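Participant: The sequence and its predicted three-dimensional model are supplied below.
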Amino acid sequence: MVALLKTPSVMTVVEFLAWDAPAGQRWQLVDGEPRSMAPASRTHNILQGALGTALTNHFDALGSPCVVVPTPGVVPRARSQDNYRIPDLAVTCTGYDAEEYALSEPVLLVEILSPSNLAETWTNIWAYMTIPSVREILVLRSTSIGAEVLRRAPDGTWPDRPIVVTDGVLVLESIGFRVELAGLYRRTRLAGKGDA
């Protein structure tokens, strides 16, 4: 007999952070509903590590106070009491004195798009746009070499369409970062395949 795992049906962020979630999975809170996150693919994990390393090296070379935080919790401004989302990477340039479970003032959020999480990822991205400190959102593809960048305009608005990058240099203006897009994919199965 298989026992079904029971999760609370509706929670606030405070309740979610105090919840003794089932082990072995990562969870996020979406509109008050705890949702487990599927395990990431090898390509997804390689991209997350490659970009995280490249960003850390960039900040170290500049002597920047910015740091890369893998899989942080972030709280969107819209419905903030009911949402605690988990991007793949985030960058913040503010320090902290006490431990925190929701990242303070992220300026860049990164999602790695997989076929199994397409709708969920874009739902998170719309939520991230409500965070006042976020200047850019990067979406990396995991089935082909490519990225999409959403960049907030100086007047605070977001573009109707992302900037699509399939070759050449990926630019993240919010943190003064440039990298050859193909270099991020160098150790993946996609290396040398280009946009599919």
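Facilitator: All right, it came through fine. Residues are numbered from 1 along each chain as shown.
Participant: Just give me the longest helix of the chain.
Facilitator: If each helix of the chain is counted by residues according to DSSP state H, the longest one is helix 42-62.
Participant: how about the helix or strand following that helix: buried residues?
Facilitator: Scanning forward in sequence from helix 42-62, with DSSP states H and E defining helices and strands, the next element found is strand 67-70. Neighbour-count burial for strand 67-70, with 16 or more other C-beta atoms under 10 Å as criterion, is recorded at 67-68. Heads up, the C-betas are built off the backbone N, CA and C, glycines and all.
Participant: Does anything pack onto strand 67-70? Which helices or strands?
Facilitator: Using 3 or more C-beta pairs under 8 Å, 6 or more residues apart in numbering; DSSP states H and E as the contact test, the elements touching strand 67-70 are helix 42-62, strand 89-92.
Participant: Name the nearest residue to the residue positioned nearest the centre of the chain, ignoring sequence neighbours.
Facilitator: Centrality entry for the chain: nearest residue to the mean C-alpha point is Pro87, 2.7 Å, by C-alpha atoms, centre = their mean. Distances taken as C-beta to C-beta, 6 or more residues apart in numbering place Leu109 nearest to Pro87, at 4.5 Å, with adjacent residues excluded.
Participant: Isn't that neighbour up against Pro76?
Facilitator: No: taking C-beta atoms under 8 Å as the definition, Leu109 is not a contact partner of Pro76, at 10.4 Å.
Participant: Identify the contacts common to the two.
Facilitator: Shared contacts of Leu109 and Pro76 (C-beta atoms under 8 Å, 6 or more residues apart in numbering): 128, 131.
Participant: Flag the shaky bits of the protein, pLDDT-wise.
Facilitator: Along the chain, the model assigns pLDDT under 70 to residues 1-8, 192-196.
Participant: picking up where we left off before, could you point out which element follows the strand or helix carrying the residue nearest to Pro87?
Facilitator: With elements delineated by DSSP H and E, Leu109 resides in strand 106-113, which encompasses its position. Using DSSP H and E, the helix or strand that directly follows strand 106-113 along the chain is helix 118-128.
Participant: Okay, buried residues for that next one please.
Facilitator: Taking 16+ other C-beta under 10 Å as the basis for neighbour counts, the residues of helix 118-128 that come out buried are 120-121, 124-125, 127-128.
Participant: related to what we said a few turns ago, what angle separates the longest helix of the chain from strand 106-113?
Facilitator: Between helix 42-62 and strand 106-113, the angle formed by their directions is 160 degrees, by axes from the mean of the first three to the mean of the last three C-alpha atoms, to 10 degrees.
Participant: coming back round to it: can you redo the helices and strands packed on strand 67-70 as CSV with distance to Val13 and mean neighbour count?
Facilitator: Below are these laid out as CSV (distance: least, C-beta to C-beta, whole Å; neighbours: other C-beta atoms under 10 Å):
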stretch, distance to Val13, mean neighbour count
helix 42-62, 24, 17
strand 89-92, 17, 24
